[in-house]
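Asker: take this sequence and fold it.
(one chain, ligands or ions: 1)
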Amino acid sequence: MKGRLLSAFAGMAAMMSSATGWAQDKLPDPAADWDHLWFEILVDLFVIGGIFAVAAAIMLIKYKAKSPDAVGNGPRLTKVQALAWAFIPATIFMADDFFLAAKGWTLWNTYRTVPENAMEIKVTGSMWNWEFEYPDGTTSTYYPDEATEADKGDGLVVPVGRAVVLRMTSTDVIHSFGMANYRVKEDLMPGRITYIWFNPKEVKNSFVTCTEFCGTNHSRMYAPVKAIAPAKFKEWLKKQADA
Ligand SMILES: [Cu+2]
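Answerer: Alright, predicted model coming up:
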């Protein structure tokens, strides 16, 4: 437990130094931070869960009634001892919960703070399609049911190494833009503009799915998300403009 507390303090110190690290020209990586926090929550659940399971098993065996009419003789605790037994363990376990909750808020802050110079792409959700509009007016979309790749479209294409902010709205019902790979999800609503940002740090093909049931073709409302090299992205944009 001492080791856990120490590592908790080390974590807090690391968090503070990473908070000052914001000033440096380094792009935050919310997806990696999300994974890190999720791992810590799992460790927390299993370690604390394990402690309670072992303690429960030991007490079940050790204090099992030897005969049906056995009368227990538990230790008599003073008021101070009883309170200490209740509050000290509770404080230790709660400290870890508060620590993880604080980390969650810190991560949420990262999610809601769009880095400067992020590329803005407008996203319009409609039954049942995503449309992406780039700063130069280029649009891209994806229709999975079309016969040829060309007719389907490219979906969301982004250059690596730069933050991308999506400003999103819907023309009809509530949709939700979910990119599991980038650990982001946000609703789109008619009459409102919502946003998410992500950091495509490596060349990778992933996809976006609608994660809010929005009618009969909800399950067909997906599109590829292609993070490509900046030079290739430039080429792609130019090709779209020429088409
Ligand atoms: Cu939808």
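
Asker: alpha carbons only for contacts and neighbour counts from here, please
Answerer: Noted.

Asker: give me the low-pLDDT residue ranges for the chain?
Answerer: 1-25 (pLDDT under 70).

Asker: and the helices in it?
Answerer: 2-20, 30-62, 79-112, 149-152, 230-242 (DSSP state H).

Asker: ok, now which ones touch the nearest residue to Cys214 once chain neighbours are set aside?
Answerer: Distance criterion CA to CA, 6 or more residues apart in numbering; nearest residue to Cys214, sequence neighbours excluded, is His175 at 6.2 Å. Applying CA atoms under 8 Å, 6 or more residues apart in numbering to His175 gives the contacts Gly125, Ser126, Asp187, Leu188, Met189, Cys210, Thr211, Glu212, Phe213, Cys214.

Asker: how about a cut-off of 10 Å?
Answerer: 124-130, 169, 186-190, 209-215, 218, 221 (CA atoms under 10 Å, 6 or more residues apart in numbering).

Asker: and the ion, which of those residues reach it?
Answerer: By CA under 5 Å from the ion, the members of these lying near the ion are Cys210, Cys214.

Asker: ends of stretch 154-162, what's the gap?
Answerer: Taking CA to CA, to the nearest Å, stretch 154-162 runs 19 Å from one end to the other.

Asker: please disregard the earlier target; I meant stretch 221-236.
Answerer: 23 Å.

Asker: which residues touch Ala82?
Answerer: By CA under 10 Å, 6+ apart, Ala82 lies in contact with Arg76.

Asker: Phe99 - how many residues pack around it?
Answerer: For Phe99, the neighbour count with other CA atoms under 10 Å is 14.

Asker: and it, how far from Thr91?
Answerer: From Phe99 to Thr91 the distance is 12 Å (CA to CA).

Asker: next, count neighbours for the residue lying closest to Lys185 once chain neighbours are set aside.
Answerer: In space, and not counting its chain neighbours, Lys185 is closest to Gly178: 4.2 Å by CA to CA, 6+ apart. Gly178 has 19 neighbours, counted by other CA under 10 Å.

Asker: for stretch 217-224, which residues meet the burial criterion?
Answerer: His218, Met221, Tyr222, Ala223, Pro224 (16 or more other CA atoms under 10 Å).

Asker: turn the residues you listed into a markdown table, including distance to Trp85.
Answerer: What follows is the buried residues of stretch 217-224, written out as a markdown table (distance: CA to CA, whole Å):
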| residue | distance to Trp85 |
| --- | --- |
| His218 | 53 |
| Met221 | 54 |
| Tyr222 | 54 |
| Ala223 | 55 |
| Pro224 | 55 |
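
Asker: quick one: which of the helices of the chain is nearest the ion?
Answerer: Of all the helices of the chain, helix 149-152 sits nearest to the ion, with 17.5 Å by CA to the ion.
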